[in-house]
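*Asks:* can't give you the sequence, but here's the structure:
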């Protein structure tokens with residue numbers, strides 16, 4: 001909201017069609033919020049409730065026209081209990097060492113189109 005009580009509009013951008021990173025033979029587009037736009041906590045929560053995802057400072061959602069195969073999922077982590085197979089997997093991967101570092105994002109296209 002602005003100081004006069006009016007709703008603030010968030011600038012959104014739509015990427016062009018390109019091959020889908022998840023489903024062979026399909027095209028994907030991504031709708032994302034301007035990463036430089038100021039955003040309140042309630043606005044951010046509202047976007048997450050509408051299926052937007054976050055990667056670093058980028059907030060985006062699939063916008064693939066006819067395809068609705070990508071479904072955002074939010075887990076209540078404080079209620080999560082790993083399954084037996086997840087515990088076994090965790091034990092097997094125990095020797096893996098994780099190193100966290102900051103990698104600069106050169107452009108939004110570098111973020112949006114990296115395969116996962």
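*Replies:* Cool, the structure landed. What you see is a predicted model, and the numbers here were worked out from it, not measured in a lab.
*Asks:* so who does the residue most central in space within the chain touch?
*Replies:* Among the residues of the chain, the one closest to the centroid is residue 53, at 2.8 Å (Cα atoms, centre = their mean). Shown in contact with residue 53 (Cβ atoms under 8 Å, 6 or more residues apart in numbering): 59-61, 72. To be clear about C-beta, it is placed using only N, CA and C from the backbone, and glycine gets the same treatment.
*Asks:* just name the shakiest helix or strand of this protein by mean pLDDT.
*Replies:* In the chain, the helix or strand scored least confidently by mean pLDDT, DSSP states H and E is helix 108-112, which has a mean of 52.
*Asks:* got the end-to-end distance for stretch 21-34?
*Replies:* End-to-end distance for stretch 21-34, by Cα to Cα, to the nearest Å: 22 Å.
*Asks:* list the buried residues of it.
*Replies:* 28-33 (16 or more other Cβ atoms under 10 Å).
*Asks:* tell me which two of the residues you listed sit farthest apart.
*Replies:* The largest separation in the buried residues of stretch 21-34, counting by Cβ to Cβ, is between 28 and 33 at 17.5 Å.
*Asks:* low-confidence ranges, this protein, go.
*Replies:* Low-confidence segments of the chain (pLDDT under 70): 1-7, 103-116.
*Asks:* how about the helices of it, start to end?
*Replies:* In the chain, the helices defined using DSSP state H lie at 41-49, 84-92, 108-112.
*Asks:* which of those is buried the deepest?
*Replies:* Stretch with highest mean neighbour count among the helices of the chain: helix 108-112 (a mean of 15; mean count of other Cβ atoms under 10 Å).
*Asks:* any quick PyMOL command for the buried ones out of the contacts of residue 53?
*Replies:* To isolate the buried ones among the contacts of residue 53 in PyMOL, judged by 16+ other Cβ under 10 Å, type:
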select buried, resi 59+60+61
